[in-house]
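Peer 1: sequence first, then the predicted structure, then my questions.
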Amino acid sequence: MNLDGLDPVIIAPALAAGVLVTATHVPLGQQVLKRGIIFIDLAIAQIAALGVLLAYSLGFEDSDVAVQATAFGSALLGALMLYQCERRWSHHLEAIIGSVFVLAATAGILLLANNPHGGEHLKDLLVGQILWVNLNQLLPIVVLYVGVLAAWYGLRAEHRPALFYMLFSLTVTASVQLVGIYLVFATLIIPALAVRRLAMRCQSLMAGYLLSLAGFASGLVISALFDLPSGAVIVWMLAVTGILVSSLIASKHQHAG
Amino acid sequence: MNRLLFCFSLLMSTILPAKADLRIFACEPEWGALATELAGDKASVFIATTAFQDVHHIQARPSLIAQVRRADLVICTGADLEAGWLPVLLRRSNNRRVLPGSSGYFLAADYVQMLSVPDTIDRAAGDVHPDGNPHIQLDPRNYFPVTRALLQRMIELDGDNADYYQRQSSDFLKRWQSSLELWEQRAATLKNMPIVVYHDAWVYLNYWLGLNQLAELEPKPGVPPTSSHLSATIKRMQLEPARAIIRAPFKPARAADWLHERTDIPVLVLPYTVGGNPQAEDLFGLFDSTLSLLLGVSS
């Protein structure tokens, strides 16, 4: 046990990142689960990475803005492509998404064969680590996520698939850089999975939000106390709280029924 | 809220252990070991990585930030070795004493003659380090300038113990000089010994001992070798067999084992840094063990 890591200077920015990621991922994740496209976040993140690699091999690497623009642009393009796939081949969508993921990942390897330098940058870009998050780094994310949430709740995006795909790709591209792919996947899927039995939308949203926040908070504290890599511990605490919440809901259902 | 934070940090400061004179944060085990040689019990030394980690990429743990926050001196290799995490860690820790440019920020690579500095930056050549190859810890002669510079820095930061640091460092340099002479006598037979390496992390060892590096298994770090590269390596080994395939403890065994199966050349896992094997428990052990292992396959 070690109390140094509990210093708010260490924990607070990470927790703020967790709150932001929770705010967007919980509603998006419920839609992902409903559509049965679990691995779409992996595919989108990989497409964004591929776009960045392309930008590197074309020599754009020096400007942060250019790199981010390529990442978001490629993610958007990829999302629209997947949306077209959903419209045409909705029965096999998950298989297509999986194939797109491996194609994008291996295309990256092929591109890197002649420009390995990009690989280093890419690792830093895609494997965000929640503990390295800086408060001023969060400002553009706040702006983006407020926009996403406004569009999501204001324009009722869950009924507009094209809009959903676009918002999803923007959110995931930002959050992967912030907290890394494991946490992105976990915050999308685990809360949605745990509260799937709750019939009312506002109920399931609220439960999902609380569950995710509890996962982040407990994960950060445990990682601080035992000095373990924070992202990995949070994933496990999301799973633990997820199982607790879902068994709680299940027992309520039994009593009711 | 502010008051709550204040109370919390007050609580933390009472729980924390008593302050040592100098708090040192070392990025790699070799610099932690050197700092311990110089500072003895006048400093507390925290080492961020182990010999079994690839220091290019490390996971963010809370203690890394906590330790940098209260460090008086950060000792790292530099030359871009820690480029993936040290800048973010320093920014995140927000400790003015150890920011780049301040006297609490010490990069060993600033004080040694760098090898493999590219004339032009050709990114097609792989993981290019524009400042040269950063794996400087494997030439024992590099510890002379680094030790002298580090001593100056420690005196600057903690003048009260200047005499102590002086004595420690001249004692260390004396022992290092006599060990170096012994190592160089023992290693005379290693000159021109042909070797294959996993990745180009051994240039300083090669340079010191005069080893003859015939090939690299992974010429472009992070990119799997192509089949033509592997078959060329095997052909080369049939014409001109190497004595050993050398890899670091943190590098995967597969490529080296693959070549071993096809050529019968033994695989040698050298300690690479302090803690890389049980014998390499300090800087002296690091070179003792490296030489013993190399001499074991030389005849």
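Peer 2: Arrived safely, thanks for sending. Residues are numbered from 1 along each chain as shown, chains lettered A, B, ... in the order given.
Peer 1: so, low pLDDT: which residues of the chain?
Peer 2: I went with chain A, as the question did not name one. For chain A, residues meeting the criterion pLDDT under 70 lie at A:1, A:60-62, A:114-127, A:256-257.
Peer 1: ah, no, chain B please
Peer 2: In chain B, residues with pLDDT under 70: B:1-20, B:119-129, B:221-222.
Peer 1: dihedrals phi and psi, the nearest residue to B:G78 once chain neighbours are set aside?
Peer 2: By the measure of CB to CB, 6 or more residues apart in numbering or on different chains, the closest residue to B:G78 outside its immediate chain neighbours is B:L107, 3.0 Å from it. In short, each C-beta sits where N, CA and C put it, glycine included. B:L107 adopts backbone torsions of phi -110, psi 120, taken as degrees, to the nearest 10.
Peer 1: now do the one 10 residues further on
Peer 2: Taking degrees, to the nearest 10, you get phi -80, psi 120 for the backbone angles of B:V117.
Peer 1: residues contacting the residue nearest to it when sequence neighbours are not counted?
Peer 2: Once its chain neighbours are removed from consideration, B:V117 has its nearest residue in B:G132; the separation is 3.9 Å (CB to CB, 6+ apart). With contacts defined as CB atoms under 8 Å, 6 or more residues apart in numbering or on different chains, B:G132 is in contact with B:A79, B:A109, B:M114, B:L115, B:S116, B:V117, B:P118.
Peer 1: coming back round to it: wait, isn't the residue nearest to B:G78 in contact with B:D80?
Peer 2: No - no contact is recorded between B:L107 and B:D80 when judged using CB atoms under 8 Å, the distance being 10.3 Å.
Peer 1: between those two, which one's more packed in?
Peer 2: Set side by side, B:L107 and B:D80 give different neighbour counts by other CB atoms under 10 Å in any protein chain shown, the larger being at B:L107 (22 against 18).
Peer 1: what sits against that one?
Peer 2: B:L107 makes contacts with B:C76, B:T77, B:G78, B:A79, as judged by CB under 8 Å, 6+ apart.
Peer 1: phi and psi next, for the nearest residue to the first one once chain neighbours are set aside.
Peer 2: Meaning B:C76. Leaving aside its sequence neighbours, B:C76 sits nearest to B:C27 (CB to CB, 6+ apart; 3.7 Å). With angles defined as degrees, to the nearest 10, B:C27 sits at phi -70, psi -40.
Peer 1: make sure B:C27 is actually in contact with B:A79.
Peer 2: No - here B:C27 lies out of contact with B:A79, judged by CB under 8 Å, at a distance of 11.8 Å.
Peer 1: all helices of chain A, in order?
Peer 2: Per DSSP state H, chain A has helices spanning A:8-35, A:40-57, A:64-88, A:93-112, A:117-126, A:135-154, A:161-179, A:181-194, A:201-226, A:230-256. These are given in chain order.
Peer 1: burial count for B:G84?
Peer 2: When neighbours are defined as other CB under 10 Å, B:G84 has 18 of them.
Peer 1: and if you look at the one 4 residues further on?
Peer 2: Other residues near B:V88 come to 19 when the count uses other CB under 10 Å.
Peer 1: burial count for residue 150?
Peer 2: Here I'm looking at chain A. Using other CB under 10 Å, the number of residues around A:A150 comes to 10.
Peer 1: that's the wrong chain, I wanted chain B
Peer 2: For B:L150, using other CB under 10 Å, the count is 25.
Peer 1: what's near enough to touch the residue in chain A that chain B sits nearest to?
Peer 2: Distances between chain A and chain B by CB to the nearest CB are smallest at A:G5, namely 3.0 Å. For A:G5, the contact set (CB under 8 Å, 6+ apart) comprises A:I11, A:S223, A:A224, A:L225, A:D227, B:R61, B:P62, B:S63, B:I65, B:A66.
Peer 1: A:I130 now?
Peer 2: By CB under 8 Å, 6+ apart, the contact list for A:I130 reads A:A14, A:A17, A:G18, A:L178, A:V179, A:G180, A:L183, A:S230, A:G231, A:I234, B:A60.
Peer 1: and the fifth one, what does it touch?
Peer 2: Under the criterion of CB under 8 Å, 6+ apart, the contact list for A:V179 reads A:A17, A:G18, A:V21, A:G128, A:Q129, A:I130, A:V133, A:G231.
Peer 1: so what's the residue count around the nearest residue to the first one once chain neighbours are set aside?
Peer 2: Translated: A:A17. Take A:A17 and drop its neighbours on the chain: the residue closest to it by CB to CB, 6+ apart is A:V133, 4.5 Å away. A:V133 has 23 neighbouring residues, counting by other CB under 10 Å.
Peer 1: for A:V133, grab phi and psi.
Peer 2: Summarising the backbone geometry of A:V133 under the convention degrees, to the nearest 10, its torsions are phi -60, psi 130.
Peer 1: next, the distance between the ends of stretch B:220-228.
Peer 2: The distance separating the two terminal residues of stretch B:220-228, taken as CA to CA, to the nearest Å, comes to 14 Å.
Peer 1: are we agreed that B:V45 is in a helix?
Peer 2: No - following the definition DSSP: H, G, I helix; E, B strand; the rest coil, B:V45 is strand and is not counted among the residues of a helix.
Peer 1: tally of neighbours for it?
Peer 2: The criterion is other CB under 10 Å. On that basis, B:V45 has 21 neighbouring residues.
Peer 1: got it, and B:T77?
Peer 2: B:T77 is flanked by 24 other residues according to other CB under 10 Å.
Peer 1: same check, this time on A:A224
Peer 2: 27.
Peer 1: excluding chain neighbours, what is closest to it?
Peer 2: Using CB to CB, 6+ apart and skipping the chain neighbours, the partner closest in space to A:A224 is A:G5 (3.2 Å).
Peer 1: kindly report the same for A:Y83.
Peer 2: A:Y83 sits nearest to A:Y165 (CB to CB, 6+ apart), 4.3 Å away.
Peer 1: name the nearest residue to the residue in chain B that chain A sits nearest to, ignoring sequence neighbours.
Peer 2: Distances between chain B and chain A by CB to the nearest CB are smallest at B:P62, namely 3.0 Å. Leaving aside its sequence neighbours, B:P62 sits nearest to A:G5 (CB to CB, 6+ apart; 3.0 Å).
Peer 1: I'd guessed B:G104 sits against B:D72; true?
Peer 2: Yes - counting by CB under 8 Å, B:G104 does reach B:D72; the two are 5.6 Å apart.
Peer 1: if I look at these two, which residues touch both of them?
Peer 2: A shared contact of B:G104 and B:D72, defined by CB under 8 Å, 6+ apart, is any residue touching both; here these are B:R97, B:V98, B:L157.
Peer 1: please consider this matter closed, and thank you.
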